[in-house]
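[1] Compute the structure for the input listed below.
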Amino acid sequence: MTAAPDRPARLLLEGRRALVTGASSGIGLAVARELARAGAAVAVNYHSKAEPAEALAREIRDAGGQAVALGGDVSSEEGAVGLVEGTVSALGGIDLLVANSGIQKDAAVAEMSLKDWEAVIGVNLTGQFLCCREAIRAFRRGPGRPAGARGTIVCMSSVHEVIPWAGHVNYAASKGGIHMMMQTLAQEVAPDRIRVNAVAPGAIRTPINRDAWETEEALERLLRLIPYGRIGEPEDVARAVAWLSSDEADYVTGTTLFVDGGMSLYPGFVGNG
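    All right, here's what the predicted structure looks like:
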């Protein structure tokens with residue numbers, strides 16, 4: 001008997017309970033869908049757009065999976081605590097966090113307001129810290145799994161944790177902070193059999209960067225920065241997250257997996273610059 005075409009033959013995450021923050025659109029939505037396809041029960045977090053998250057949760061349930069949509073603001077302590085507690089309540093526990101929520105508020109440094117700086121740092125970095133802290137607390141309280149990691153965290157970073165990005169100092173600073181936060185957490189909680197890693201997407205075709213790919217001219221300029229010659233899709237990132245979350249990656253912790261078509265390889269230096 002062959003497996004159904006919409007589900008992998010081997011369910012990498014069967015029996016896991018996952019929270020995906022910022023899962024109402026773009027990369028987060030694709031990640032939540034992929035984790036469900038891999039067998040996980042999924043809490044689909046949204047902040048202001050409930051309908052896409054609720055629609056995805058229905059889609060997962062209609063396909064025979066388990067999912068719930070959970071509203072919450074990761075940048076507030078109350079919101080982060082409520083999301084992890086809500087996941088535990090709805091799914092019976094939590095084994096996996098994908099800290100994905102992120103925003104951009106771009107401006108040249110001389111024009112950037114403190115409000116926009118704090119908003120981006122608050123969601124992208126503080127929000128990940130709060131969700132990671134609460135997930136680690138929940139992992140430690142739970143009975144754990146008989147084999148493999150007691151809990152797994154994947155932080156959503158960016159190629160801009162290593163590539164400077166003029167006009168986006170708040171965003172680049174938040175992603176650089178995620179890199180060191182992830183590694184420090186991984187070092188601290190590894191003795192508890194908790195794995196912490198990051199995925200760093202490059203240029204991905206999502207609504208947040210539509211201006212960079214929706215016209216032929218814009219796409220041509222973008223592709224000059226991508227040695228592999230194509231823009232990434234949310235599913236490229238989602239598959240990487242699913243693998244990194246699974247027991248197939250059980251000996252991997254404190255690592256950033258770049259999903260970028262080579263964008264972080266300094267393509268400007270091709271041909272010796």
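[2] Please, where are all the helices along the protein?
    Taking DSSP state H as the criterion, the chain carries its helices at 26-37, 50-62, 77-91, 114-121, 127-141, 169-189, 216-223, 234-245.
[3] Would you single out the least confident of the ones you listed?
    Per-segment confidence across those bottoms out at helix 216-223, which has a mean of 90 in mean pLDDT.
[4] Please list the outside residues in contact with that helix.
    The set of residues external to helix 216-223 that reach it, using Cβ atoms under 8 Å, 6 or more residues apart in numbering, is 203, 211-213, 229-231. C-betas here are computed from N, CA, C, even on glycine.
[5] Name only those of those that count as buried.
    Of all the contacts of helix 216-223 considered here, the ones buried according to neighbour count by 16 or more other Cβ atoms under 10 Å are 203, 212-213, 231.
[6] Distance to residue 117 and pLDDT for those residues - can I get that in a markdown table?
    Shown next, in a markdown table, are the buried ones among the contacts of helix 216-223 (distance: Cβ to Cβ, whole Å; pLDDT from 0 to 100):
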| residue | distance to residue 117 | pLDDT |
| --- | --- | --- |
| 203 | 24 | 95 |
| 212 | 23 | 76 |
| 213 | 27 | 75 |
| 231 | 29 | 95 |
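[7] The residues you listed: which two are farthest apart?
    212 and 231 (8.4 Å; Cβ to Cβ).
[8] and for those two, which residues touch both?
    What both residue 212 and residue 231 touch, as defined by Cβ under 8 Å, 6+ apart, is the set 203, 219, 222.
[9] hang on, the earlier thing: and the helices of the chain, which is most packed in?
    Most buried of the helices of the chain by mean neighbour count (mean count of other Cβ atoms under 10 Å) is helix 26-37; its value is a mean of 26.
[10] For residue 122, give its distance to residue 41.
    Distance of residue 122 to residue 41, given as Cβ to Cβ, to the nearest Å: 29 Å.
[11] quick one, which of the two is more surrounded?
    Neighbour count, other Cβ atoms under 10 Å: between residue 122 and residue 41, residue 41 has more, with 25 against 18.
[12] could you say what helices and strands the top strand by length along the chain packs with?
    The strand of greatest length in the chain, counted in residues with DSSP state E as the criterion, is given as strand 194-201. In this structure, strand 194-201 makes packing contacts with helix 127-141, strand 151-156, helix 169-189, helix 234-245, strand 256-259, judged by 3 or more Cβ pairs under 8 Å, 6 or more residues apart in numbering; DSSP states H and E.
[13] Apply 7 Å and report the result again.
    Packing partners of strand 194-201 (3 or more Cβ pairs under 7 Å, 6 or more residues apart in numbering; DSSP states H and E): strand 151-156, helix 169-189, helix 234-245, strand 256-259.
[14] what's in contact with the second one?
    In this structure, residues lying in contact with helix 169-189 by Cβ atoms under 7 Å, 6 or more residues apart in numbering are 104-105, 109, 112, 116-117, 120-121, 124-125, 128-129, 132, 136, 155, 157-158, 160-161, 164-165, 196-198, 253-254, 256.
[15] do the same with the third one
    Helix 234-245 is touched from outside by 12-13, 26-27, 30-31, 33-35, 38, 96, 98, 152, 154, 197, 199, 201, 204, 206, 249, 252, 257, 259, with contacts defined as Cβ under 7 Å, 6+ apart.
[16] before we move on, the earlier item: could you export the helices and strands packed on strand 194-201 as CSV, including distance to residue 141?
    Putting the helices and strands packed on strand 194-201 into CSV (distance: least, Cβ to Cβ, whole Å) gives the following:
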stretch, distance to residue 141
strand 151-156, 10
helix 169-189, 14
helix 234-245, 20
strand 256-259, 28
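[17] Of those, which is nearest residue 18?
    Comparison of those against residue 18 by Cβ to Cβ identifies helix 234-245 as nearest, at 7.5 Å.
[18] gap between the closest one and the chain center?
    9 Å (Cα atoms, centre = their mean, to the nearest Å).
[19] Export only the CA atoms of that helix, formatted as CSV.
    Included here for helix 234-245 are C-alpha records, laid out as CSV according to Å, rounded to 0.1, in the frame of the first residue of the first chain:
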residue,chain,number,x,y,z
PRO,A,234,8.1,29.4,1.7
GLU,A,235,8.1,25.6,1.3
ASP,A,236,11.9,25.5,1.0
VAL,A,237,12.1,27.0,4.4
ALA,A,238,9.3,24.8,5.8
ARG,A,239,11.0,21.6,4.8
ALA,A,240,14.3,22.7,6.4
VAL,A,241,12.4,23.5,9.7
ALA,A,242,10.7,20.1,9.7
TRP,A,243,14.0,18.2,9.3
LEU,A,244,15.8,20.3,11.9
SER,A,245,12.9,19.6,14.3
